[in-house]
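>>> Here is my input; please provide its structure:
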Amino acid sequence: MSDSFHDLLTQEKRVRGKTVLDPQMDQMLQHLRNLGIETVWDVQAAYDSDLLGLKDRCSFGTRGVCCRNCAMGPCRLATEDMPRHMKAVSPVLNRSTCGKTADSMVASMFLSTALRGAASHLSHAYDVATTFYKVAEEETNGNYELRDIKKLHALAGRLGIMIEGLEDKAIAREIARVIQEDFTGGFNLHEQPMRFFAALAPKRHQRLIEAGLVPQRGVVAEIMKFEHATAQGMMSNTFELLRASLRLGMYDAVGLFMATELQDVLLGTPKPGFTSMGMDNLKAEKVNIVVHGHNPLFSEKLVDVVDEMEQAARQA
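Below is the predicted model:
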């Protein structure tokens, strides 16, 4: 194993061994262990209990040289920095069944990871955009509304939408139309840059265009294309696979930008404030609601409902 790779693994184990920096969470973890409840930190520690490297995480998977994308696999390729005992049980091969080298296999696995990450943020943006469209069409029964009109107008301007003479709901409908085109593209729009990218990108983005990294309209088609590229026997060019991952990073950034802008319009642009956080916010005498995830559309409505219930309880 090369010194640099070994140093990275050692550093990662050291960080995982610290569990968490928050003393409240550290106490909670110890309490859970006393109760016999296994947590993610316990699972991580099991992989770090070294026995000649045999209990470490899979050497092939750690290096990205194990592919199980088709029924003929999994295929694994040994690398020079792999532990000696792993080399001894590895076939002496330079390519996978479908022809991938170690480089293209790593790039393909990385692209699959990038696909999942980008799809997650774009799915979040699509969910927010759907709510935004329903508000524009007055289909939410007043549960959501356009709160930050100044932000609505500013976003329309950045997207190149002429708003003179348009009511706010009409402006929102025009923005929703742009979002739909950015997501679905259409056969005649697919080769054009996403409008939300143009609104987000720096003024001088010619280098991105030359590098083929500008996200095109039709996110759905692009996700399908890149997923297809990771299939058995398809893309094996390492450079193109890595460039696809970089391009997905651009889509991811646009998705985050889109969700943030629309959430600001729907919920109001956040402002700095004071609050409290930590396990000591949980109170035994109260109903504690823990929300997993970070979609503010749900959290915002949950807070509204809780406020209404508290007021009703005080009046009872």
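
>>> I figured Phe110 hits Gly64, correct?
Yes: the pair Phe110 / Gly64 is scored as a contact, 6.7 Å apart, by Cβ atoms under 8 Å. Heads up, the C-betas are built off the backbone N, CA and C, glycines and all.

>>> chain center to stretch 114-125, what's the gap?
5 Å (Cα atoms, centre = their mean, to the nearest Å).

>>> What of stretch 73-81?
28 Å.

>>> ok, the residue nearest to Phe110 when sequence neighbours are not counted - contacts?
Closest residue in space to Phe110, ignoring its immediate chain neighbours: Ser245 at 5.6 Å, by Cβ to Cβ, 6 or more residues apart in numbering. For Ser245, the contacting residues are 107, 110-111, 114, by Cβ atoms under 8 Å, 6 or more residues apart in numbering.

>>> residue ranges with poor pLDDT in the stretch 1-150 of the chain?
By pLDDT under 70, the low-scoring segments of the stretch 1-150 of the chain are 1-21, 48-56.

>>> coming back round to it: now the phi/psi pair for the residue nearest to Phe110, please.
phi -70, psi -40 (degrees, to the nearest 10).

>>> Then Pro83?
phi -60, psi 150.

>>> Distance check, it against Leu93.
18 Å (Cβ to Cβ, to the nearest Å).

>>> what do you get for Cys75?
In terms of Cβ to Cβ, Cys75 sits 8 Å off from Leu93.

>>> For the residue lying closest to Ala221 once chain neighbours are set aside, which residues are in contact?
For Ala221, ignoring the flanking residues on the chain, the nearest one in space by Cβ to Cβ, 6+ apart is Gly185 at 5.7 Å. The neighbours of Gly185, taking Cβ under 8 Å, 6+ apart as the test, are 216-221.

>>> Now find how far off-centre the helix or strand that contains Tyr126 is within its chain.
According to DSSP states H and E, Tyr126 maps onto helix 102-136. Mean-position distance between helix 102-136 and its chain equals 6 Å (Cα atoms, centre = their mean).

>>> re the thing from before, so Cys75 and Leu93 - more neighbours on which side?
Neighbours per residue, other Cβ atoms under 10 Å: of Cys75 and Leu93, the larger number sits with Cys75, 21 against 12.

>>> wait, that one sits on Pro91?
No: Cys75 sits out of contact with Pro91 when judged by Cβ under 8 Å, with a separation of 9.1 Å.

>>> next helix or strand past the host helix or strand of Phe239?
Assigning secondary structure by DSSP H and E places Phe239 in helix 238-267. From helix 238-267 onward toward the C-terminus, using DSSP H and E, the following helix or strand is helix 296-315.

>>> Would you mind pulling the contact partners of that following helix?
Helix 296-315 has contacts (Cβ under 8 Å, 6+ apart) with 127-128, 131, 143-144, 263, 266-267, 289, 291.

>>> what about stretch 27-39, distance to the chain center?
On Cα atoms, centre = their mean, the centre of stretch 27-39 falls 29 Å from that of its chain.

>>> Buried residues of that stretch, list them for me.
Leu29 (16 or more other Cβ atoms under 10 Å).

>>> CA atoms of that stretch as PDB?
The C-alpha coordinates for stretch 27-39 follow below in PDB (Å, rounded to 0.1, in the frame of the first residue of the first chain):
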ATOM      1  CA  GLN A  27     -23.100  11.400  26.300                       C
ATOM      2  CA  MET A  28     -26.100  10.200  24.300                       C
ATOM      3  CA  LEU A  29     -23.900   7.800  22.400                       C
ATOM      4  CA  GLN A  30     -22.600   6.300  25.600                       C
ATOM      5  CA  HIS A  31     -26.100   6.100  27.000                       C
ATOM      6  CA  LEU A  32     -27.200   4.200  23.800                       C
ATOM      7  CA  ARG A  33     -24.200   1.800  24.100                       C
ATOM      8  CA  ASN A  34     -25.200   1.100  27.800                       C
ATOM      9  CA  LEU A  35     -28.600   0.200  26.500                       C
ATOM     10  CA  GLY A  36     -27.100  -2.100  23.900                       C
ATOM     11  CA  ILE A  37     -28.300   0.000  21.000                       C
ATOM     12  CA  GLU A  38     -25.900  -0.100  18.000                       C
ATOM     13  CA  THR A  39     -25.200   3.200  16.200                       C
END
